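Participant: Output the structure for:
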Amino acid sequence: MRRSTRIITEPVRSGQQIYVEGADLIVTQPVSPGAEIIADGCIHVYGLLRGRAIAGARGDETARIFCKKMEADLLAVAGVYAVADQIQGALRGHAVQAWLEQGKLRIERLDA
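Facilitator: Purely as a prediction, here's the structure:
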């Protein structure tokens with residue numbers, strides 16, 4: 001099944017929430033602390049990701065989060081989440097992807 005995609009070309013500011021129903025989300029600008037991006041599908045951030053990113057918001061366990069520079073407060077896929085304190089220091093500031101594997105959230109560097 002092909003999902004539709006929404007592309008955001010402006011920075012996502014603190015206090016702003018973007019929810020994309022039934023689609024993937026691509027953000028080409030930074031996501032600020034205090035901002036929240038949510039998609040029923042995958043999330044791609046081609047910049048700095050701070051704030052919160054929630055993929056698979058309606059339970060899609062195949063959804064993933066990709067970002068170029070991870071400094072997020074929270075990452076979640078299909079309701080399984082990790083907060084900043086749980087995300088290993090070696091991942092911060094690097095390109096990462098997050099996905100579910102056997103019900104657990106995995107976060108891995110892409111630029112290693």
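
Participant: show me what contacts residue 9?
Facilitator: For residue 9, the contact set (Cβ atoms under 8 Å, 6 or more residues apart in numbering) comprises 28-29. All C-beta spots, glycine's among them, are computed from the backbone N, C-alpha and C.

Participant: I'd like the distance between it and residue 92.
Facilitator: In this structure, residue 9 and residue 92 are 25 Å apart, going by Cβ to Cβ, to the nearest Å.

Participant: Over to residue 99?
Facilitator: Distance, residue 99 to residue 92, using Cβ to Cβ: 18 Å.

Participant: Comparing the two, which shows the higher neighbour count?
Facilitator: More neighbours surround residue 99 than the other of residue 99 and residue 92, with 21 against 13 (other Cβ atoms under 10 Å).

Participant: quick one: low-confidence parts of the chain?
Facilitator: Within the chain, the ranges that satisfy pLDDT under 70 run 1-2, 112.
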